[in-house]
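>>> Okay, here's the prediction I keep looking at, along with the sequence it came from:
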Amino acid sequence: MTSFHRRRLLGAVLALPFAPTAFAQLTCGQLTPRQTEGPFFKTNTPQRTSLLEKGDRNVLVVSGLVLSPQCKPVANALLDFWHADESGEYDNQGFRCRGHQFTDAQGRYRLETIVPALYPGRARHIHVKVQAPARRVLTTQLYFPNDRSNARDGLYQRELEIRSLQKGAGEFDFVVDA
């Protein structure tokens, strides 16, 4: 190996801890797919990073980045999450399993919630709206890997699966128009 190639390889290796996640690197340039909002979206959700309530079980933490198509972190992006509860019901009176947050300066977000139950006719999923400041809103849904109900859900898309899902924690990076 020439010294030029060694320097390039070393430079690439040293840059890894500072780069977006490997998944984001593979998807940069490709916007996260859009999906339907569904019938249960509500405006004016509370700002919070935890949707957990006393006594909740099956805790789930989803974290990741909001990135531009050029793989640049999007600071202060809005993420609005909502999903069914542990009984497969959506709270249309209050804000159980609903809330919004903003990414930090590095484009990071972290959501604490529960694993939603199956909603009739659908795979287990989490709805989300993501918006970079003063840009178009992305509405999509996140799915659970290896969930048997994915195969029968006509909206399911594999590229919208939460990745690295183990022991109640997983990751998903959004690529939005920024």
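Ah, there it is.

>>> So what's the gap between the longest strand along the chain and the chain middle?
Scanning the chain for the strand with the most residues, using DSSP state E, yields strand 59-67. How far strand 59-67 lies from its chain's middle: 5 Å, per Cα atoms, centre = their mean, to the nearest Å.

>>> same check, this time on stretch 109-116
9 Å.

>>> Please put the alpha-carbon coordinates of it into CSV.
Backbone C-alpha positions of stretch 109-116 (Å, rounded to 0.1, in the frame of the first residue of the first chain) are rendered in CSV as follows:
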residue,chain,number,x,y,z
TYR,A,109,-33.4,13.7,19.0
ARG,A,110,-34.4,11.2,21.6
LEU,A,111,-38.0,9.9,22.2
GLU,A,112,-39.0,7.9,25.2
THR,A,113,-42.4,6.1,24.8
ILE,A,114,-44.0,2.7,24.8
VAL,A,115,-44.1,0.0,22.2
PRO,A,116,-47.5,0.7,20.6
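
>>> Other residues contacting it?
Residues from elsewhere that reach stretch 109-116 (Cβ atoms under 8 Å, 6 or more residues apart in numbering): 49-52, 56-66, 77, 79, 81, 83-86, 88, 97, 101-103, 124-126, 144, 168. Using the backbone N, CA and C atoms, a C-beta is placed for each residue, glycine as well.

>>> buried residues in the longest strand of the chain?
L60, V61, V62, S63, G64, L65, V66, L67 (16 or more other Cβ atoms under 10 Å).

>>> And stretch 117-126, by the same measure?
Neighbour-count burial for stretch 117-126 [16+ other Cβ under 10 Å]: L118, Y119, R122, A123, R124, H125, I126.

>>> any idea of the mean pLDDT in the host helix or strand of the last one?
I126 belongs to strand 125-131 when elements are defined using DSSP states H and E. Confidence for strand 125-131, expressed as mean pLDDT, is 98.
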